[in-house]
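Enquirer: sequence first, predicted model second:
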Amino acid sequence: MDSSNSTSANLHVAILSSPGMGHLIPVVLLSNRLATHHCVTVTVLRVTTTVSPPESNLLKIPLHPLVNILELPPADISHLVDSSAKIVTQLCLMVRVSLPSIRSAMTNRRPHALFVDLFSTEALPIAAEFNIPNYVYVPSNAWFTALLAYSPILHQQFSEEYVNQTDPIRIPGCKPVRPEDLVDPMLDQKDQQYDEYLKIGENIPSSDGILINSWVDLEPETLQAFAENRSVINILVYPVGPLVRESKPDHRSSELVQWLDRQPDESVVLASFGSGGVLPQKQMTELAWGLELSRQRFVWVVRRPTGGPVDNAFLRVTNGGEGEDSKPDYLPEGFLTRTKDVGFLVSNWAPQAEILSHPAVGGFVSHCGWNSTLESIASGVPLIAWPLYAEQRMNAALLAEEVGVALRPRALATSEVVGREEIEAMVKALMEGEEGGRLREKAKQLKKSGAESLKHGGPSYISMCDLLAKIASINNVIS
């Protein structure tokens with residue numbers, strides 16, 4: 001054990017996670033990283049909901065022995081909002097009503113530092129009560145972090161709705177953001193979730209630093225802007241990524257894996273829209289026809305369409321398995337028969353990291369959630385960027401225009417139906433075309449770069465060591 005880890009071995013940190021599998025997964029990945037590579041003891045304080053079972057039961061990620069998940073009492077916000085409340089409003093209110101439980105949990109065992117996730121910044125002052133440092137963990141990229149931290153200044157600059165702007169929204173030193181690519185909470189300033197989002201941006205500077213799930217080679221210009229232009233973020237930023245689920249196969253006998261084993265290398269495209277995303281019926285029909293017309297092999301993780309918002313499943317995610325709903329009636333008539341030799345359908349949930357790492361997989365139609373994005377890059381697989389909600393439009397723009405690992409539909413999938421002809425053309429271009437080859441090569445370069453960044457002595461490893469050394473110094477922890 002090196003000297004930095006000998007000090008870290010005496011540290012205990014608490015990490016607060018808001019509801020939703022998309023939030024719990026990166027928190028657990030960070031926790032396992034701290035425990036496995038820095039010998040830190042971690043208590044995950046998990047805000048739970050009244051509408052779903054404890055998500056830790058669905059996690060499917062082995063926990064390091066030094067990591068413990070403490071499920072807080074379910075947060076009931078039914079008296080505060082109605083069913084029309086947007087997801088950011090719900091998340092922030094759930095954390096707000098859970099503050100007494102968070103404080104109580106920390107009283108039982110005082111940690112050396114408190115980390116909070118993106119929607120839990122209202123808990124930052126609790127750290128001061130215990131005289132410990134606090135940090136915000138943004139399990140996304142640096143560009144999104146820049147927009148979030150700069151949002152209070154943008155709020156003062158713009159008197160009209162952002163969506164009415166014709167020019168890109170400028171952030172000093174960073175790639176401008178087109179109005180149509182802005183995060184969901186910024187699209188309607190009259191909605192409560194805009195106020196909640198703004199509070200997050202206002203709370204961030206009160207922390208002692210920000211951890212982001214990115215690395216230097218992925219976003220060099222934005223990270224340089226953080227260091228050189230304090231008008232965007234005036235506290236230290238620690239890139240600690242890419243933190244992704246390990247892709248070691250745990251069920252080689254499954255029908256899906258056996259099917260993949262029979263396919264040529266890099267011949268299969270995976271289509272999946274995350275643990276919380278749903279497609280409208282009309283779009284699902286067009287996607288089915290596009291996949292069929294492309295004549296490419298595919299694995300499609302299907303979820304029954306609903307008439308609600310695209311993030312409708314976010315807080316009600318289930319861990320469906322292969323074979324469930326095996327004859328979905330929402331797909332075009334005859335689709336299953338016509339594609340039986342080239343396609344494989346999985347209902348609701350699939351072991352995504354394992355699929356992406358399989359040699360047969362050469363492309364990914366993705367909603368561009370950051371967890372999924374990093375899993376794709378970590379497997380060297382390029383994407384078709386199909387954003388649905390949250391910050392996914394920004395992620396898609398980043399991947400297609402700056403990082404260079406993705407194709408993107410001409411129209412926004414959130415506002416228009418992407419037709420079967422365009423889907424067919426994109427899938428063919430990704431899997432067979434020269435441009436797809438270039439994207440695949442860049443993805444493989446970043447796969448190697450990300451792995452090097454996490455190794456002992458790599459930039460993300462050093463960044464984490466610097467952070468832990470600061471925490472140890474503040475707490476007078478010595479080896």
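Expert: The structure has been received and is ready for your questions.
Enquirer: can you list phi and psi of the closest residue in space to residue 110 that isn't next to it in sequence for me?
Expert: Nearest residue to residue 110 in three dimensions, chain neighbours excluded: residue 130, at 5.5 Å (CB to CB, 6 or more residues apart in numbering). For glycine as for every other residue, the C-beta is placed from the backbone atoms N, C-alpha and C. Phi and psi for residue 130, reported as degrees, to the nearest 10, are phi -100, psi 0.
Enquirer: can you name the residues that contact residue 130?
Expert: By CB atoms under 8 Å, 6 or more residues apart in numbering, the residues touching residue 130 are 106, 110, 111, 114.
Enquirer: with residue 431 instead?
Expert: Applying CB under 8 Å, 6+ apart to residue 431 gives the contacts 266, 267, 269, 294, 296, 362, 363.
Enquirer: do residue 196 as well
Expert: Residue 196 makes contact with 88, 89, 92, 93, 185, according to CB under 8 Å, 6+ apart.
Enquirer: likewise for residue 164?
Expert: For residue 164, the contacting residues are residue 179, by CB under 8 Å, 6+ apart.
Enquirer: swap in residue 80?
Expert: Going by CB under 8 Å, 6+ apart, residue 80 touches 93, 97.
Enquirer: distance of residue 431 from residue 196?
Expert: According to CB to CB, to the nearest Å, residue 431 stands 41 Å off from residue 196.
Enquirer: dump the contacts of residue 196 into a markdown table; add secondary structure, distance to residue 172 and pLDDT as well.
Expert: Below are the contacts of residue 196 laid out as a markdown table (DSSP: H, G, I helix; E, B strand; the rest coil; distance: CB to CB, whole Å; pLDDT from 0 to 100):
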| residue | secondary structure | distance to residue 172 | pLDDT |
| --- | --- | --- | --- |
| 88 | helix | 25 | 94 |
| 89 | helix | 29 | 96 |
| 92 | helix | 27 | 96 |
| 93 | helix | 32 | 97 |
| 185 | helix | 21 | 95 |
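Enquirer: out of these, who's the most crowded?
Expert: Among those, the one with the most neighbours (other CB atoms under 10 Å) is residue 185, at 25 neighbours.
Enquirer: wait, residue 86 sits on residue 183?
Expert: No. The pair residue 86 / residue 183 is not scored as a contact, 11.6 Å apart, by CB atoms under 8 Å.
Enquirer: any residues in contact with both of the two?
Expert: Counting by CB under 8 Å, 6+ apart, nothing touches both residue 86 and residue 183.
Enquirer: point out where the chain drops to low pLDDT.
Expert: Along the chain, segments meeting pLDDT under 70 span 1-6, 52-59, 248-253, 307-327, 413-414, 478-479.
Enquirer: strands of the stretch 351-479 of the chain, start to end?
Expert: 361-366, 383-385, 406-407 (DSSP state E, counting those that start in this stretch).
Enquirer: can I get the ones you listed in CSV including distance to residue 23 and mean neighbour count?
Expert: Output for the strands of the stretch 351-479 of the chain, formatted as CSV (distance: least, CB to CB, whole Å; neighbours: other CB atoms under 10 Å):
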stretch, distance to residue 23, mean neighbour count
strand 361-366, 18, 28
strand 383-385, 21, 28
strand 406-407, 23, 25
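Enquirer: can you lay out the ones you listed as a markdown table showing distance to residue 18?
Expert: Output for the strands of the stretch 351-479 of the chain, formatted as a markdown table (distance: least, CB to CB, whole Å):
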| stretch | distance to residue 18 |
| --- | --- |
| strand 361-366 | 22 |
| strand 383-385 | 25 |
| strand 406-407 | 27 |
